Each structure stands twice: as C-alpha cells, then as structure tokens.
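Q: no sequence for this one, just the structure:
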C-alpha cells in the first residue's frame, strides 16, 4: 500500500518528475481550525535550496489543499492536496535511463515492476516525502489542540555526536543543520561542506521527541506504539535503523541498571525516575517523554566517477550531474517530525475506541 | 489490532494464565503439505525449561490445529490453533495484583484499559509469542517450497559480541544460547549463569538472516520490506531497536564507503559486490541475503528487592518469586525467525499482485 | 479475509467437520461485564435440533471463551473462543467426496483452491456462522450498555408475508419459525412441514431492526452504514439480496412520495414523519429506527434424486442423506441479529474518532 | 474510510463545490498500456448536461492524471488524479446553509461532524462519483487485458421494466436513458420528461453484467464476491437495495425450482444449465455470467415547495433552484460499471495469492 495509519490515514502518490505529488488524508478530526501557513512552513523546512549544505534545486513546493476544509475548519471529510512539480530538469536523467545506479532503487523497481520512471528516481525519490510533510503538518495541528508536541533534531553527522540533553524545539531552527547543540552544529556544517567539496556524502542520526503524550496510547501486541513509530521511520528514504529509549545500548546492560522506577508526584501523578523505556512500556505510552533515534545512511548519489552496470549487465562508469544533497539530515528533520505526528495522532484516535 | 500481515495475516489471542493462547492464520496458500512435527519443533525451541539458562517453568506448549488443513494439506481456509495453558501457578501472582512492577506493562495496561489480568502479566507476557511461533512455522514451510529460508542467532549477550561471518542455521542449535560462534557461546552462557546467580538479568542482540529471497519483494514507500521487518521485530517483547544492513554504523560513514557496486555473474545474474544494503534497496529486495539485528533489553523481572509503588501510589518493595528468564535471547531466536518468515511470506504473496 | 470490522473486528476459522470452529474478537471495549449465559442463549437459538422444522442434527454447540475476559469483565484484549465439533457423521459425506452438488460451493472451492474439505461442505457450511453468533452476542452486550438493541424476525416464507408493523423482540421467540405475527407464523410452519415432507426446501426473508442508534454512525462515502450492513448480510450463507428502508419499492416511486419530512419534537429533537430512509441518510444514521430486509434462497440440499456431475465431469444422480434444514429462516434470525450487532458496534466505535 | 478495495484500492476526496475532486488508485498492475481517451469517455457518460433528461449543469469534468503512468504504461505506483470543479454556482446554495433538506444528508453530516460544507451537498453530493468512474475506467482496461468485461444498463424506471434478455453493451448507448430495450427506453424517456415537467423525480433499477470472469474469484466467508459487489453498489448515492442472481424472488421459491444443474461441455468445461446463482456460488465465481440488480430511489431534490426545518428546528418551506436530475439512472449506469470493475479487478488480484 501507499499509505500509513488506520484511522488517521495518509495515502500518497507522485513521482519526482511527474506532473505533481500529493495525497489524501483520511480521518482528520472534524472541527479543527487550520493555519495553512503552518503547512507551508513545514514544507519550506523540507525544501531543497534552503541553505548552502543542501541541494541547490529550487523547487517552490507550494501545496494546494483541494478538499476537507471549509472556511478554514476541518470538516471530517478527506483532505486532498497536490504539490505541482516545477523546475524539472528531466533531461538531466536521460543518462540514467538504462543505468542501474548503485545503492539506488533503479534495479529493484525494474525487477519488481518491469518498468520504471527513471527521471530523478521516479517514485523512489525522497521527493515523495513532500506529501508526508503536508500530512504531518495537519497532524501536528490536531495534536497541538490536545497538548501533544513533536519535534526532531540532527543528533549525529559522521563522527560528530551530541550529548543527550533537554533540548527544545526552538533550538533546532537556530542553524542550518538543525542541531540544537550550537557547537556541534558548527562542526557538522563544516564536515558536510568538506564532504560536499569532495563530491562525497555523509550519514547521521536524527533524534525524535514527543512530549505531552497521555498514558495509554499504542496497541499492545503487534502494533506497539514504538513498532508503529519504527515502521514509520524505516519507511523514510535512506533510513537503516531505529531505536527508542535506551535503544541498542540495552544489549550490554543488566536489568538492575535500566529498570525505570516509579514515583508519585505531589498531585498523585505516576512518573518514572529514569526514562530508559523512552516513554513506552509494553507498547503503550506511559506519560513520560517519548524519544527515539533514526539512522540515515549517506546519500548514494556521488559527484564522482562510479563504476556500475547498465540494464544489459554491461560495465559502465557514471558521474552524477545535477544538484544533490551531500547530507540528508537537515532536510529530514521535518520528515521525522511529520511521521511521528502522523503515528501519534492515529494512535490517539484509535485509543478513543478502547472504551464505549 | 492483534495481528500482522495483509494477505498472510496472523491474529493472536491469549493471556499468560488464561485458558489458552492461540490464533488464526489467514491467507496460507492452498496445497502445501504440512509437517506438524516441524510446528511443534519450533515451539519446543521457544519452550521454557529447555535448558539451564532459561526459566525453569515447564509448560509443554502442545499446539492443536483446529482447521485449515485436510489430510495434511493446507486448504486455503484459515488455520485456527490453540495451545492450552498448563502449570499455571497463578497464586504466585496474587502479590502483584495491586502492584505496578517497574519497566513492566502493569501501569500502562491499567491506564489504557482500566482493568488488567495481572496474572503473569496477562496479555503483556511474552507467552503470547507462542502463537507467533506457530504461525511462523507455517510460513517457513510455505517459504521452503519456494526456496526461501530464514534463521536467526544470538549475536550479542552483554558485552560479548561475535564477528560478522557466514554462519549457518545448523550452527545455531549446537549450544543452548543459540550463538553460532561456539567460543562466544561458552562465554555467553557463563555470563548468563553469573547474572542469574546474582538475581539479575542481561540484554543482547539477535541477528536475523533470510536467504533465497527473489528480487522484487516489498512495497516501496510506506511498507518498505525493511519497515515491515522492523515493525515485526519491534513488536516482540523487550525489543528496543532494529537495524538492517550496515544499520546504525551508516551514520558515521561516507557514501563512497558503503555503496554496493553491481556486477554480473556468468549467467547474467545481477549481484552486488558488497551488501551494506542488507539485501534491500528502496524498500525492495534485490536478491542478496537479507540481514538485520534486533536489540533485546534485559528482562525487567529481577530476583532482588526492588522499590516500586502500588496501585494507590504508595511506595512498596517487591521481590519476584517464581521462575524467570535471566536472559531472553536463547528463547527469542525462534520468535525472530517466526516473525521474519511471516513478513517475507506476506510480501511474497502480495508481490504476486504486481502484475496481472 | 476471514473477518469483518475495522475496530470491532471478528475473525473466524473452522470447518463443518473439523476439530472445532471459533474465532477472535478484537476491539471489544474494555470494562464491560459479560453474561456468558447470554452468549450461549444466542447459540442455542441458532442450534440445529431445536424444533421440528429445522435439521434434526443434535450439536450441543457449547462455546469456550479462552481469553479477553477477567473476572467476567472485558479487558480490552482479544477474545478467543472455540466451539468443538461433535456428532460428526463424517462418513455421511464420503459419497460427496468426488461430487459437485448443484448450487453448493463444491465446484467453486475446488476451482479456487484445488482442494477442499468435502465433509459437510467444509468451510462453506453454514456451521461457520456459529462464530458470528458468538461475536454478535458480545457486540449485543456492548450495545445494550449504550441503549442500542438489535433484533430480527422471519418476515416471509415462500408466498407467506407479513405486514409491516411495530413488532417487538419478545414476539419473535413465541413460535418456532421466529415470525412475530402469530397467524402468519402458523401458516409458515405448515408450509415448511409440507415442503419437508416432499423432500424439498423453501426460501424466505428476514427483517432486521436496530433501535436506539444515535445520529452520526456510518462513514459517508464507501462505508455507508447501509453498505456495511449489506455486506454483512450478503456474507451470510444463502443470502441473495439486501434492501433497507423502502428498498426495491423505491424504483417505482416518485420523490414526492417518499421524502421523509422532518419535524421537531417537544424537547427539540429532530425526527422524520415517515421513515422510508430506514434510519440512514447519506450513509449516516439519523436517529430513527434502522430496518432492512434480507432474502434467503431455499437450501440447495434436497432429499430427492438430483442429477449432477462428479469431479471428472460424468453425469451422476445423488440423493442427500443425513439431516438437513427444509428452511433456514428460523435459525438464520440470530445470525442476522449477530451480524447487525457487529456492524453497529464497529461503527459506534469508529464514530468516536470523528472528533479529537 | 474513503476508499474501497484491498489490493486494487481506490481512495477519493473532494466536495461538490470545492477546488477539485480526485483520488488515488493503488495496486494498479504494472505494464498495462492505458488509453486516456477511454478514461474521459467514461467521465463523459457520467457528465451532467449530456442529454435532455439529466441535469443541465455543464461541468466539463476533465481528468488530469498526475502519476503512476510513464509513457502511457502503468508503472505499478499509485495513480493520482484530479478533476477540477468549474461552473460552481455556489451562491445557489446560500439558501440551504441553515436548512436541513428532507432525505438529504444535511442533517446527518451536521450531527456526525458538527460542521458541513453545505454547498451542493459537499461531500455527500453524487459529484464524488466522478472519482470512482475514473478509477473504474482504469480497472476496465486491466480487466479487458484478461478477457473480463463489465457493463450495466437501466432495467427499470418507475413502473416500466424490461424482460431479462441477453443484452449487449452496445445496445446500452443507443438511447439517452441507457436501456438496451429500445421500446422500453422510449417509454422511460417519456415518463422522465413528464416527471421533470412536474418538478418531481423518479426511481428505477440498474442491472449489472460481468462476463468472462474465471471460476475462483471471491473470498468465501465474509468477503463473498457478491458481498463485495453489494457493498460497492450500496455505497453509490441513492441506492436502496442490491440483489444478484435470482435475488429477492428466491424467497418464494422451492429449492427444486432454482438449483442450477451442472453439465459438461464438449471441451470438458463445467457449466450450469440455468444461472439462478448469478455466476457466484458460495461467494466464489463459477465462470458463468455474473448479474445483479441495484435499486435507486428517486432524487430527493424536488423543484416544488417542500416543507422542512432549519438548523434551529423551525419550520420552513424550501423550493430548490438550480439544475437537478429528474432521474439518476442514465448517469448512474457508468458508475455501476465502474464499481463492478473495481471489485472484480481487486478480487482478480487477490485470487492470485491463493497459491504460492
């Protein structure tokens, strides 16, 4: 399928160099006043050409909402939207028509479908995430109405990592790499510029934070809240790993080191002293902050000579032209936020059906 | 929902100390001869009491198949099955009736549902995975018929890790910790015994391997093959992280280091020289081995005094009785295998609809 | 799939002469006290052998609940249940092993799956509806808690029909044909007895009534409330047609004859003077009684010589043995009720997600 | 949800007087050459203003395909499409802003969502079916490639019915009422003109025919082929009933009258002498022609004075302005065809997963 969610469901369409990208948002709760500027704001955060360390392509990426809103209020009916493609240098891609680029999806799409729209990677292009950002921006506005906020930040680029800390959403936008630790941000920007100058690319991680989630969200067996978050993140282009709470570090720990002890606050609220669980226990939110980390591989498109094969299996050398991201992290931050907002809103709504 | 899969779909029911666990398997292809001994064999690999390093509970865990098979052949109709609960020391749990055990799901179930079957953790118990192992054993037999095999092994316990190597399924069963590197296995067993003696528990990782997958499986956007695998693994009790291919290591790499170059073999088959991609590109299998790694936290039940609170928020001290796993890894290996077989079979069947 | 419902979802398994029938109920709201006698009561209404005008088979059809209820209260976790098959005269069916009975599903199952459990029709037997009646009995108890009741009655057998009237659920059980008009009931019983004596069978209709449904249930486009009810009814064995409100009669009417004019009652409640709409407008309940009618064909198994073919296409004559229903209507009444309860509860829960 | 289908899935959006209607088609098989003229042809058959007996509104209803097709061939990726709204006399509807029109969905939408786009009925307008016709036109082209054809015709208007006969798709388009019996068609046209002159409306039935369906399509329990067809038809605006094969007439029949006896043709093919089953037995196609009948109520919008209430419950009189259909049947024929093509293609694809 080309969608995500059971009640709040987002279905997307569109290829990198087709007429338009877009989608349908189902299950948006009725009666919510929508600020369309906030939708466009999120698209602008994802937009190419926004800084010196991302691709210089200059898509405007203006969203048109086609349905589901009446006099700025959601009506409960599906929200259709499109973002028209512009600045399509499709000819840039004629050279890859018969080529399988390494670590791209050219070969696998061809094997699966027997045909592919090779221009800019077609459906496999991260340009598809535009639609997710639009849907996520709607989800964010619904969540805001119930006191839930979601944000993300770049927590690693190459070897540069940042310490765990109580970062705020505001700190994220203070630099172009979207890292809330300003010192690390400078180093990250430098390494990205260096890599870019070498025609190479670099990976990293994004950390996602969700605050204000009430206890009780998540289906406890297969659709554990973290399993849904994980699936959503692993569905983003270039993602190779997902962990939440203590994550992979748990493997070398003992139980006595990482159990989250409970305490009761002044008002009788139940909390945990530590939060190795990442705000989720048994697949269900426990009211603490949810946090998770997502690993992004370096972009596979190198501005170097690269050996590969053509469709007939012959050896060839390619050298990518055009404008490409040396590092996807800065532009992936709003995508991670969007996907987490989509998952949390869906679970928020599903949880309403737990009781009559 | 309480199930996984779109075409090959498994729905489970059952609590740790209820009458029985079981489930329904939908979409099992018709016409496959089933060896029921292989179903029970997988259950036996998951069974408590099978060795000195797992819980001493002695459930027999015998599966009864109730439908969907006629004269040992699948009929295409749903397979209902049950595993009756025995040896239910429910009274062991009276003391936790009013207790929220730390890093368990007691509190979150109570918050979500307003009621919980506290005996043995109820539905949140890993005993639910019995049903997954049954379903996975069916999936394995279908996959076998098309040349796909799936296996898993313990790749880390505490600080002890094993090098990446071309391990075989046969090596896995040679020791009780299910680690194919026999030297490491001995060390792992020792550390588990030590931890057990201290009333503590320990975490680790399991690596999953899937061989023989044809190119083309996986839905390329939201239901990427690795996203489905990730969701399946993150739905297993105690899992905190999932990565495939190079995984989290990609974050510190450059693109030039980890692109998987293509080559053509003697028969014209397309392969990659390296396999950092983990057999999946753009969410679609490319024909190389799929491999992934899953992080399991240490069991939260400690045989020690532990501070916690009761349902009314009062501080109390608990000391778990009964028989518990000091390390879930050995018994989780067949669960990881089962979940991966379920995901791959489902995607195999879905992929048949890509063309008329 | 082998289930129905999005949030309140019922998945069934089981063949007529297999070990057991059963299913899993997902999405049952937590916190509802269940009267297990009411579950069994509904099964008894469906049971063979309950009167002289239904099949004399004597299945006891006792249901075992395996999970999802704790101390008689629903826990929100899935409810697994089984009904073991007894009194299996499987040998009665050896003669149909290689036969395609006319207007049965023998041929189509064979064509679809390449194999079939021929005993008693296997999965195509109406015996499968046991599982629906169990699930419906749970749904009824949830609906009761919110003031919604659902019942059905035999409204036609052969040429005998009853006038539309404000029948009550109590009137239904006063005779063995489950027709609330006692005079018509006597005539219906006589015609069924006559048909039975002739080794023949007869069709009829069942009318379903749902009272107390609040305005607002139903998804307005594809999953209109009546479309979901229709799909549920058309999924019952032997059903050939579904209509709601004025139904097929609308075809010969003018708009001016059948628009349902609104009025406001003393308390400001909005109602319609007439109810040609059947309680549903634009796919959404309007608060009036929902009513619909379902057509059942006569049972295809005749106690007569019948010409047919065997699996190899040769002409043969069959003469059914065993105990069969001359008319399915009396036993189908609880099935229609069950399916309508399942649909309404599912829509009730889904509708809770319309707003934050 | 706002969609239909499991593998071939259509999701729609759009309101009558919003910016555009449209949708996403998922699961369209890859590699099919698409004739876009055929898509537009079906829209033209549905279009207002096409004859004297339908609404005089003059929407052009031109479809734009935004994705999923590359060089006229389907790529297996989702097909996004839009039809922009034109000629929006939105001011015509200001008078109904605060009005609940009888037998429309104004009241139920308001109750469900607390808000509605009242212009032209918003989402409840039959204008939404544009998207279904587009999707159905794609489905038809896929089905054509495997020898399956689907068509429909007006079989009743008011009291005028036509005899059952072997009508062809070609006969349907020979008159503006889309009735293949030319004599009856003339009478139907006259009665519609008469009703229109009186400011009234009239109902009728449409018969659907599907030829060339192989045996084996349909899921045998809940998603019986006729249950899926029924749900699809009942999801069309103004539909009050669905029957297939002998339909409601079965209620007064004996089994001996309507069993469909088998015979074997010269080539060993299995057929039935009669087809009371309507091409479906046990929920699965048997290879005979599928036929069904759908009842449409007369349009609720009358060009007369009509008593009703406003949003505050006060009595008012409305008199519809604008251009409305006196009878929906002629324009509903392509909608019925579209929905049946969608259902059959989905089941065709699902059936491919029955075996490995």
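A: Thanks, I have it. Computed from a prediction, not measured in an experiment: that's the story for all the values here. Numbers count the residues shown, from 1 in each chain, chains lettered A, B, ... in the order given.
Q: buried sites along stretch A:336-344?
A: A:336-344 (16 or more other Cβ atoms under 10 Å in any protein chain shown). For glycine as for every other residue, the C-beta is placed from the backbone atoms N, C-alpha and C.
Q: quick check: which ranges of the stretch 51-200 of chain A have low pLDDT?
A: Scanning the stretch 51-200 of chain A for pLDDT under 70 picks out A:58, A:87-92.
Q: near chain C, which residues of it show up?
A: Contact residues (Cβ under 8 Å from any Cβ of the partner chain) of the stretch 51-200 of chain A with chain C: A:76-77, A:142, A:145-146.
Q: show the buried residues in these.
A: Buried by 16+ other Cβ under 10 Å: A:76-77, A:142, out of these.
Q: on that earlier part again, now tabulate the buried residues of stretch A:336-344 in TSV and tack on distance to residue D:181.
A: Formatted as TSV, the buried residues of stretch A:336-344 follow (distance: Cβ to Cβ, whole Å):
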residue	distance to residue D:181
A:336	62
A:337	61
A:338	56
A:339	56
A:340	60
A:341	57
A:342	53
A:343	55
A:344	58
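Q: what's the local residue count around residue A:300?
A: Residues lying near residue A:300 (other Cβ atoms under 10 Å in any protein chain shown) number 22.
Q: and the gap between it and chain D?
A: Distance of residue A:300 to chain D, given as Cβ to the nearest Cβ, to the nearest Å: 20 Å.
Q: doesn't that residue belong to a strand?
A: No: counting by DSSP: H, G, I helix; E, B strand; the rest coil, one finds residue A:300 to be coil, located in no strand.
Q: just give the nearest non-adjacent residue to residue A:245, would you?
A: Once flanking residues are discounted, residue A:245 sits nearest to residue A:278: 2.6 Å by Cβ to Cβ, 6 or more residues apart in numbering or on different chains.
Q: can you give me the neighbour number for the one you found?
A: Neighbours of residue A:278 (other Cβ under 10 Å): 25.
Q: show me what contacts it?
A: Counting by Cβ atoms under 8 Å, 6 or more residues apart in numbering or on different chains, residue A:278 touches A:226, A:244-247, A:288, A:290-292, B:240.
Q: try it again at 6 Å.
A: Counting by Cβ atoms under 6 Å, 6 or more residues apart in numbering or on different chains, residue A:278 touches A:244-245, A:290-291.
Q: re earlier: which among the buried residues of stretch A:336-344 gets closest to chain C?
A: Nearest to chain C, judged by Cβ to the nearest Cβ, of these is residue A:344 at 12.4 Å.
Q: okay, and that closest one sits in which element?
A: Using DSSP states H and E, residue A:344 sits in helix A:329-351.
Q: same check, this time on residue A:135
A: For residue A:135, the host element (DSSP H and E) is helix A:129-145.
Q: what angle sits between that helix and helix A:329-351?
A: 50 degrees (axes from the mean of the first three to the mean of the last three Cα atoms, to 10 degrees).
Q: mind giving me the packing neighbours of helix A:129-145?
A: For helix A:129-145, the elements it packs on are strand A:20-26, helix A:36-46, helix A:329-351, judged by 3 or more Cβ pairs under 6 Å, 6 or more residues apart in numbering or on different chains; DSSP states H and E.
Q: which residues sit against it?
A: Contacting residues not belonging to helix A:129-145 are listed as A:10, A:12, A:21, A:23, A:25, A:28-29, A:32, A:34, A:38-39, A:42-43, A:46, A:63, A:81, A:83, A:334-335, A:338, A:341-342, A:345, C:356 [Cβ under 6 Å, 6+ apart].
Q: how far away from the center of its chain is it?
A: Taking the mean of its C-alpha atoms, helix A:129-145 sits 11 Å from the chain's own mean (Cα atoms, centre = their mean, to the nearest Å).
Q: buried set for the helix or strand just after it?
A: Counting by DSSP H and E, the next helix or strand C-terminal to helix A:129-145 is strand A:149-157. With burial defined by 16+ other Cβ under 10 Å, the residues of strand A:149-157 counted as buried are A:149-157.
Q: next: stretch A:132-150.
A: Applying 16+ other Cβ under 10 Å to stretch A:132-150 flags A:132-144, A:148-150 as buried.
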